[in-house]
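J.: model the following, please.
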Amino acid sequence: MAKQPDIIPIKIDHDKCTECRMCYVVCREINFNAVIIDTAETHLHEIDMDRCVYPRCTVCLMYCPADGSIVESETGKSLVPPPAEAWTEDKRWPRRA
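T.: Residues are numbered from 1 along each chain as shown. As a prediction, this is how the structure comes out:
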């Protein structure tokens, strides 16, 4: 599958990842199957950029519990939002009725 120009390459930072595999589970649930389990002895999971459509899909980021574990490949910028308890009232998204 050819890479589309608006897709930003991402990867898993295994130094910060807890290996809970929530990204793997939710990606399979929505049938993208972009998170794969490496066949090497360590069985780490990786992101298959031939299937990943980030930033059009962010489901793996929403379920990841480990801040900094999913990053932009080129910059290393963390894409996982901080846990809810880290937010303060002035940093919340405006709520609209």
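J.: verify the contact between R51 and I30 for me.
T.: No: the criterion here is CB atoms under 8 Å, and R51 misses it with I30 at 11.3 Å. Yep, even glycine has a C-beta here, placed from its N, CA and C like the rest.
J.: the strands in this protein, which residues?
T.: Assigned by DSSP state E, the strands in the chain fall at 10-12, 35-37, 45-47, 70-72.
J.: tell me the strands beside the third one, with direction?
T.: Sheet pairing for strand 45-47, assigned by DSSP bridges, gives strand 35-37 (antiparallel).
J.: show the average pLDDT along the partner strand.
T.: Looking at strand 35-37 alone, the average pLDDT works out to 95.
J.: so where's this structure shaky on pLDDT?
T.: The chain contains residues with pLDDT under 70 at 1-5, 84-97.
J.: and if we set it to 80?
T.: Applying pLDDT under 80 to the chain picks out residues 1-5, 82-97.
J.: can you map out the helices along it?
T.: 22-29, 59-63 (DSSP state H).
J.: is it possible to export the ones you listed to TSV including mean neighbour count and distance to P81?
T.: As requested, these are exported to TSV (neighbours: other CB atoms under 10 Å; distance: least, CB to CB, whole Å):
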stretch	mean neighbour count	distance to P81
helix 22-29	18	14
helix 59-63	18	7
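J.: can you redo those as CSV with distance to E46?
T.: Shown next, in CSV, are the helices of the chain (distance: least, CB to CB, whole Å):
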stretch, distance to E46
helix 22-29, 10
helix 59-63, 12
